[in-house]
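> Sequence below, structure please.
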Amino acid sequence: MSNELKSIVYEDIIYKYGADWTSYLESYEHWGFYWYQQKIMEGLAE
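Numbering: from 1, shown residues only. The predicted model follows:
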């Protein structure tokens with residue numbers, strides 16, 4: 001994982017940013033399982 005940040009200067013202030021935090025998110029497939037489980041529970045609750 002890269003710790004390198006990009007930066008932009010606006011009104012003489014340097015703002016740094018990066019997207020490394022996205023690697024800590026759960027995968028799309030994993031969230032799909034959560035969604036599917038919720039739909040099953042909604043069906044059982046009705």
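> Can you pull the poorly scored residue ranges out of the chain?
1-3, 44-46 (pLDDT under 70).
> what ranges do the strands span in it?
6-10, 13-17 (DSSP state E).
> which stretches of the protein form helices?
Under the criterion DSSP state H, the chain carries helices at the ranges 28-45.
> sorry, back to before: make CSV out of the strands of the chain and add mean neighbour count and distance to residue 30.
Heads up, the C-betas are built off the backbone N, CA and C, glycines and all. Compiled in CSV, the strands of the chain are given as follows (neighbours: other C-beta atoms under 10 Å; distance: least, C-beta to C-beta, whole Å):
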stretch, mean neighbour count, distance to residue 30
strand 6-10, 8, 28
strand 13-17, 8, 26
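> Rebuild the ones you listed as JSON lines, extending it with distance to residue 43.
Listed next are these as JSON lines, based on distance: least, C-beta to C-beta, whole Å:
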{"stretch": "strand 6-10", "distance to residue 43": "45"}
{"stretch": "strand 13-17", "distance to residue 43": "42"}
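> Those strands: which one's closest to residue 33?
strand 13-17 (30.9 Å; C-beta to C-beta).
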